[in-house]
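Undergrad: Dropping the sequence and predicted coords here.
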Amino acid sequence: MLRALADHGTVTAAAEVLHLTPSAVSQQLAALESEVGQELLERRGRRVAITSAGRLLLTHTDAILTEVERAEDAMRLHADGSTGEVRVTAFATAISLLVAPALARLRETNPGLDLVVRDAEGHQGITQLLDGDADLAIAVEHRGSPRPDDQRLVRIPLYAEPFVAVLPPSHPAAALDTIELTTLSGDDWVMTAPGNPIRDVVLLACEQAGFQPRVVHQSDDFRAVAALVAAGGGVSLVPRLAVPTPTLAVIRPLPDPVPTRRVYAAVRQSRADHPLITATLAVLTEVAEKL
């Protein structure tokens, strides 16, 4: 109102521009004087003039009003789902191959979207999602996964990758083109830690091949797994996309039926239609198709 008074010269003109009554404008300007603790206007008959204190305040008014408009615009965009934060949890390989490329693309296509990424093993991300600590989780199908008909979640398949055998260069089977799991039944094994979904897949594959692997070394870092194998610490099965490159270990495919890591995205049912989440899922799906 002070800005309008300065621009238009009279309380009546300012009130007309602001679509208010002159008395309402006068009351608000009196309230402003009270808040500032200084006289902003001086009465000259039927007109008012802006005092030196009022002119000082006017030097800040444009900046104040600009910030107010920016705040209003930001809140409107947030309410429309055009801006905001999406918290994503994913395991390390998915962050490297899927989430990081998606983040780069979203910065171009959705500059108002802030993607916040947290590392979580495949079995931990869903827990964080259901606890409300994440908005979207990249997870791995395993025996402990929520059922497909779990009404709390919406699941979107992203990609599936076969496991490959990882062998020391000196292993007798390294000369073969394809490795039958039974040929590794007498070896020491390098495996992920208990509770990791990858361990469940590998143990089940060995069980179906008719043996129980002798686990000697454990690590959830596939670079460490490959390094231990290359050093002669044992053999392992690793999802193909998780195999580090370069590696001194020998990589060989497995015959059908090949153990497979199935990766999916999950969001809470209540947030599945939020524009920022649907935009994130769309880009994640595009990146996944190229994998």
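TA: Cool, the structure landed. In this text, all values refer to a predicted model and were calculated from it rather than measured experimentally. Numbers count the residues shown, from 1 in each chain.

Undergrad: Contacts for stretch 23-31, please.
TA: Here stretch 23-31 makes contact (CB atoms under 8 Å, 6 or more residues apart in numbering) with 1-2, 4-5, 11, 14-15, 18, 40-41. (C-beta placed from N, C-alpha, C; glycine too.)

Undergrad: Can you check the pLDDT for residue 240?
TA: For residue 240, the model assigns a pLDDT of 94.

Undergrad: phi, psi of it?
TA: phi -50, psi -40 (degrees, to the nearest 10).

Undergrad: Likewise for residue 44?
TA: The phi and psi values for residue 44, taken as degrees, to the nearest 10, are phi -130, psi 90.

Undergrad: With the one 4 residues further on instead?
TA: The phi and psi values for residue 48, taken as degrees, to the nearest 10, are phi -130, psi 150.

Undergrad: how many other residues sit next to it?
TA: 19 (other CB atoms under 10 Å).

Undergrad: which SS class is residue 216?
TA: strand (DSSP: H, G, I helix; E, B strand; the rest coil).

Undergrad: any idea how far residue 191 is from it?
TA: According to CB to CB, to the nearest Å, residue 216 and residue 191 sit 9 Å apart.

Undergrad: filter the contacts of stretch 23-31 to the buried ones?
TA: 1-2, 4-5, 11, 14-15, 18, 40-41 (16 or more other CB atoms under 10 Å).

Undergrad: thinking again about what came up before, what would the contacts of stretch 23-31 look like in TSV with secondary structure?
TA: Shown next, in TSV, are the contacts of stretch 23-31 (three-state DSSP):
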residue	secondary structure
1	coil
2	helix
4	helix
5	helix
11	helix
14	helix
15	helix
18	helix
40	coil
41	strand
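
Undergrad: In a markdown table: these, plus distance to residue 285 and pLDDT.
TA: Shown next, in a markdown table, are these (distance: CB to CB, whole Å; pLDDT from 0 to 100):
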| residue | distance to residue 285 | pLDDT |
| --- | --- | --- |
| 1 | 51 | 91 |
| 2 | 53 | 92 |
| 4 | 51 | 89 |
| 5 | 56 | 91 |
| 11 | 59 | 91 |
| 14 | 54 | 90 |
| 15 | 55 | 93 |
| 18 | 49 | 90 |
| 40 | 58 | 94 |
| 41 | 61 | 93 |
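
Undergrad: now those residues in TSV, with distance to residue 203?
TA: Shown next, in TSV, are these (distance: CB to CB, whole Å):
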residue	distance to residue 203
1	73
2	74
4	75
5	78
11	82
14	78
15	79
18	73
40	78
41	82
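
Undergrad: returning to what we had before: so residue 216 and residue 191 - more neighbours on which side?
TA: The residue with more neighbours, out of residue 216 and residue 191, is residue 191; 24 against 13, by other CB under 10 Å.
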